[in-house]
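*Asks:* everything below, folded, please.
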Amino acid sequence: MSLAVSRCMGKVLWRQTAVPRIFVEKHGHTRQSPWSNTVLTLHTSAPLSAEPQKKKKIDSKREVIYRERLKKRLRKMEKIPPEFIPIEDFITPAKCLDETRARMKPELSFEESEHRALLLKEWSRFKHKQHEDEMKAVNLALKAQREALEDLKIESEVLYKAAIEPDPLVFPFSYEGPSYTPPIPKYDAPDGKYNDITKVYNQA
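*Replies:* Residues are numbered from 1 along each chain as shown. Prediction:
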């Protein structure tokens, strides 16, 4: 229908533009007018009509089968226990478990082993006596201090209060804390160069 209409329109335009397009010269020759175009330059394109997209037909049986397969896969995954990611800090390296690297102990004679055992016992006795002497000296000093404070309290209450106050000059202590500076706005602190050796574990 559209093709027939376009042909009819072309014929009408050809008839209307046929007379003024051509000039008749004196010798009977004709030539085309330069101020008009030929009808052949008019083109019409074929009509294109769109139609709504067809909806895909969903097969209910295939959909049910696909859902059943997914349910089976989920059941299998639930049966498999989760695989824990190992903590490398708690695993002893294999090179440390190599028994060939064990250092052999030197074999001692009977006299040398007895001498070392006696030295160890003598050392333990010496340290025990040293500890007891230090504790006795501390207890005697604390006892004398308490007795002196009680006598001072009886003599003068003002001197007693001045005596029990802590003296900052006994242990001189000076410190300088960090100075407070406002943060730099929009400052992106560099992370530094490092090699990321973190292992990635993919759980199935």
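*Asks:* all strands for the chain, in order.
*Replies:* Listed in chain order, the strands of the chain (DSSP state E) span 22-24, 30-32.
*Asks:* what's the average pLDDT for the first one?
*Replies:* Taken as a whole, strand 22-24 has a mean pLDDT of 45.
*Asks:* same check, this time on the last one
*Replies:* Model confidence over strand 30-32 averages 50 on the pLDDT scale.
*Asks:* likewise for stretch 82-94?
*Replies:* Mean predicted lDDT for stretch 82-94 stands at 77.
*Asks:* and stretch 178-188, by the same measure?
*Replies:* Averaged over stretch 178-188, pLDDT sits at 79.
*Asks:* could you shift the numbering so residue one becomes 42, and keep it that way?
*Replies:* Shifting the count to begin at 42 puts that one at stretch 219-229.
*Asks:* mind checking the end-to-end distance for it?
*Replies:* 22 Å (Cα to Cα, to the nearest Å).
*Asks:* okay, and for this structure, where does confidence drop off?
*Replies:* Low-confidence segments of the chain, defined by pLDDT under 70: 42-85, 87-93, 95-99, 142-143, 244-245.
*Asks:* show me where it has helices.
*Replies:* Using DSSP state H, the helices of the chain run over 43-62, 101-120, 151-196, 198-205.
*Asks:* in TSV, list the ones you listed along with mean neighbour count and distance to residue 238.
*Replies:* To be clear about C-beta, it is placed using only N, CA and C from the backbone, and glycine gets the same treatment. Output for the helices of the chain, formatted as TSV (neighbours: other Cβ atoms under 10 Å; distance: least, Cβ to Cβ, whole Å):
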stretch	mean neighbour count	distance to residue 238
helix 43-62	11	72
helix 101-120	9	30
helix 151-196	10	45
helix 198-205	11	60
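*Asks:* out of those helices, nearest to residue 218?
*Replies:* With Cβ to Cβ as the measure, helix 198-205 is the member of those nearest residue 218 (29.8 Å).
*Asks:* what is the orientation angle of the closest one with helix 151-196?
*Replies:* With axes from the mean of the first three to the mean of the last three Cα atoms, to 10 degrees applied, the angle from helix 198-205 to helix 151-196 works out at 150 degrees.
*Asks:* packing partners for helix 198-205?
*Replies:* With contacts taken as 3 or more Cβ pairs under 8 Å, 6 or more residues apart in numbering; DSSP states H and E, helix 198-205 sits against helix 151-196.
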